[in-house]
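S.K.: okay, predicted coordinates and the sequence, questions at the end:
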Amino acid sequence: MASSGLISDTQPWKDLKVHVEDIKKTHLRDLLTDDKRCQSMLVEFDDILLDYSRQQATSGTIQKLFELAEAASLKEKINRMYSGEHINSTENRSVLHVALRASRDAVIQSDGKNVVPEVWKVLDKIQEFSERVRNGSWVGATGKALKDVVAIGIGGSFLGPLFVHTALQTDPEAIESARGRQLRFLANVDPIDVARNITGLNPETTLVVVVSKTFTTAETMLNARTLREWISSALGPTAVAKHMVAVSTNLMLVEKFGIDPNNTFAFWDWVGGRYSVCSAVGVLPLSLQYGFSAVEKFLKGASSIDQHFYSQPFESNIPVLLGLLSIWNVSFLGYPARAILPYSQALEKLAPHIQQASLLQHCA
Ligand SMILES: O=P(O)(O)OC[C@H]1O[C@](O)(CO)[C@@H](O)[C@@H]1O
């Protein structure tokens, strides 16, 4: 990188600035007549096809973007992330959501400690708990099985799990495993959201999962108090232990709130809120609804793309190509917005999930 440290001072950036003027003179229609170009802009991995031939770019553009990636030391930065360095400089911490879906025997270090065993300890605990709830061996205060779950959370503690839940709702295998059960999400402090979420639910058969990394978020805590009151006024205050569990990094505040620490599912500071869907934030509510084995498949898929991102050369690395094309569109072509248009209705909640991950990009 240039001595000033600014990427915009590097030669590849300057070359792209010149190149953009040529590209602007080229119509996409003309680019699409070049079959060789279009074929070179297809990448396949694990049943995912990336077709970026409709981008306003030539193979020369892509080459220049790779040079930019090199000037930005992108490969070194990816390596630093996977080796647990504190790449989140504002919070001085590792960024290790990849560890949440790593295989049991993987070794991923944060602050000199392999975090994978802790991850699996929580996953095993979720599996055991969700199976007990689902098979009726964990019952509510009046001895009834818990069929319905309300997950309270906001932002990263809500949008990822909602996205996966919405995507699974029409999957035949998932429909079967969720038969007779409901999963609802409560995020808004508007009393209408509370009313809608508890309408038709019986506190005797409902489990409330409070999801909050910090356990201080005002909206989540207000909703948690409201549902604690809903349960204790119907079943008595001791019922809270059977009907409320938590997902948090702040185990002290969870206990202070009145949730049994044994019924708390931990995650860690090195998980950014918006990347937390693969932690207990998503895994617990989704396992309660669909069973742990269904969620484990989701974790394996995420792990597979993590490995692809880590090891694949940039020419066929889907996340890297998407990132570079995003820089090309925003910083060079000057497009101020990106549209995410999931043609499948099952993916309708993908856009809000990605939107918040992208909005909070200042804190990895
Ligand atoms: O999980 P918490 O601590 O309740 O925070 C909820 C969300 O609020 C934010 O801090 C801001 O939206 C997100 O980063 C986070 O996912």
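M.R.: Nice, I can see it. Just so it is clear, the structure is predicted and the values come from calculations on it, not from any experiment.
S.K.: how about the residues of this protein near the ligand?
M.R.: With CB under 6 Å from any ligand atom as the criterion, the chain meets the ligand at residues Ile154, Gly155, Gly156, Ser157, Ser212, Lys213, Thr214, Thr217, Thr220, Gly273, Arg274, Leu360. All C-beta spots, glycine's among them, are computed from the backbone N, C-alpha and C.
S.K.: the third one belongs to a helix?
M.R.: The reference is to Gly156. Yes: note on Gly156: a helix contains this position according to DSSP: H, G, I helix; E, B strand; the rest coil.
S.K.: wait, it sits on Val271?
M.R.: No: between Gly156 and Val271 there is no contact under CB atoms under 8 Å: 9.1 Å.
S.K.: need the residues touching each of these two.
M.R.: The contact sets of Gly156 and Val271 overlap at Lys213 (CB atoms under 8 Å, 6 or more residues apart in numbering).
S.K.: ok, the nearest residue to His165 once chain neighbours are set aside - how many residues close by?
M.R.: Leaving aside its sequence neighbours, His165 sits nearest to Leu183 (CB to CB, 6 or more residues apart in numbering; 5.8 Å). For Leu183, the neighbour count with other CB atoms under 10 Å is 20.
S.K.: sticking with Leu183, tell me its helix or strand.
M.R.: Using DSSP states H and E, the element containing Leu183 is strand 182-186.
S.K.: can you report how many residues neighbour the nearest residue to Ala239 once chain neighbours are set aside?
M.R.: Spatial nearest neighbour of Ala239, excluding adjacent residues (CB to CB, 6+ apart): Ala141 at 3.7 Å. By the measure other CB under 10 Å, the count of residues near Ala141 is 18.
S.K.: all helices of the stretch 201-350 of the chain, in order?
M.R.: Assigned by DSSP state H, counting those that start in this stretch, the helices in the stretch 201-350 of the chain fall at 218-235, 240-243, 251-257, 280-290, 292-311, 318-327, 350-359.
S.K.: low-confidence regions, this structure specifically.
M.R.: By pLDDT under 70, the weakly predicted segments of the chain are 1-4, 361-364.
S.K.: show me it divided up by domain.
M.R.: Structurally, the chain divides into domains by automatic domain parsing as follows: 7-100+302-342, 113-300.
S.K.: got the contact list for the residue of the stretch 201-350 of the chain found nearest the ligand?
M.R.: The nearest approach of the stretch 201-350 of the chain to the ligand comes at Gly273, 2.7 Å away (CB to the nearest ligand atom). Residues in contact with Gly273 (CB under 8 Å, 6+ apart) are Gly155, Gly156, Ser157, Lys213, Leu360.
S.K.: wait, isn't the first one in contact with Gln356?
M.R.: Meaning Gly155. Yes: taking CB under 8 Å as the definition, Gly155 is a contact partner of Gln356 at 6.1 Å.
S.K.: what's the overlap in contacts for the two?
M.R.: Taking CB under 8 Å, 6+ apart as the criterion, Gly155 and Gln356 both touch Arg274.
S.K.: am I right that Trp120 sits in a helix?
M.R.: Yes: looking at Trp120 with three-state DSSP, it is inside a helix.
S.K.: now it. Nearest residue, chain neighbours left out?
M.R.: In this structure, Trp120 finds its nearest non-sequential neighbour in Arg104, 5.3 Å apart by CB to CB, 6+ apart.
S.K.: for that neighbour, the count of nearby residues, please.
M.R.: Residues lying near Arg104 (other CB under 10 Å) number 10.
S.K.: who's in contact with stretch 157-177?
M.R.: In this structure, residues lying in contact with stretch 157-177 by CB under 8 Å, 6+ apart are 151, 153, 178, 183, 185, 187, 211-213, 217, 220, 247, 273-277, 281-282, 285-286, 289-291, 294, 298, 345-350, 352-353, 356.
S.K.: among the residues of the chain next to the ligand, which ones are buried?
M.R.: Buried by 16 or more other CB atoms under 10 Å: Ile154, Gly155, Gly156, Ser157, Ser212, Lys213, Thr217, Thr220, Gly273, Arg274, out of the residues of the chain next to the ligand.
S.K.: cool, thanks, talk later.
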